[in-house]
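> Dropping a prediction and its sequence here:
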Amino acid sequence: MKAFLASVLLAITSFSASAENSALNENMQIVGETEYILVEDVAMNYLARIDTGANSTSIHAIDIEVEGATDDKNMRDHVGKTVHFTTINENDEKIRHQAEIHKVSIIRNAQGEERRYSVVMNLNFNGETRPVIVNLRDRSRMTYKLLIGRNWLRGNYLVDVSKSAH
């Protein structure tokens, strides 16, 4: 009898979890390994790489300057200040932009650890705009000038690697 009850309980739990996942997935959009994303703050489209291995979203930024900063020794002291930077997309369209520094992110990658300024930007995909924390990095040597990380994907998108924007 205990085995029977355990089987019934397992079946109900599995069905419930399956129904919950199904309902969750119905509200999510499918994105490919690359997608065109409009960064509304700079009014430019980027061919973005969708990277489920990256925790955070990153945009190509050069000539990064913080208003009133005399040095970069303690970047966390600059949180709340205005940062100016130039961003360039894959079509060599460029614009100078400014935003408030939201936080300083510590990024770990194959090259080690690196600190980057992060700002909030509004990213638009398929007509839906969402604010996301984006870190600023020189991506000039990289094919994709916008890298979309899990902080943008989480709860809203499923990735289909067989789909691509180009």
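It's in.
> was I right about residue 124 contacting residue 37?
Yes. Between residue 124 and residue 37 there is a contact under Cβ atoms under 8 Å: 6.9 Å. To be clear about C-beta, it is placed using only N, CA and C from the backbone, and glycine gets the same treatment.
> who does the lengthiest strand in the chain touch, helix- and strand-wise?
The longest strand of the chain (DSSP state E) is strand 112-125. Packed against strand 112-125, as judged by 3 or more Cβ pairs under 8 Å, 6 or more residues apart in numbering; DSSP states H and E, are the following elements: strand 34-39, strand 57-60, strand 94-100, strand 103-109, strand 128-137.
> Save those as TSV, and put in distance to residue 165 too.
Shown next, in TSV, are those (distance: least, Cβ to Cβ, whole Å):
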stretch	distance to residue 165
strand 34-39	5
strand 57-60	16
strand 94-100	21
strand 103-109	24
strand 128-137	16
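> Just name the most buried of these.
Each of those was scored by mean neighbour count; the highest is strand 57-60, a mean of 24, by mean count of other Cβ atoms under 10 Å.
> related to what we said a few turns ago, please enumerate residues in contact with the longest strand of the chain?
Contact with strand 112-125 is made by 29, 31, 35, 37-42, 56-59, 64, 66, 75, 78, 83, 99-107, 129-137, 148, 152, as judged by Cβ atoms under 8 Å, 6 or more residues apart in numbering.
> try it again with 7 Å
Residues outside strand 112-125 that contact it (Cβ atoms under 7 Å, 6 or more residues apart in numbering): 35, 37-41, 64, 75, 83, 99-107, 129-137, 152.
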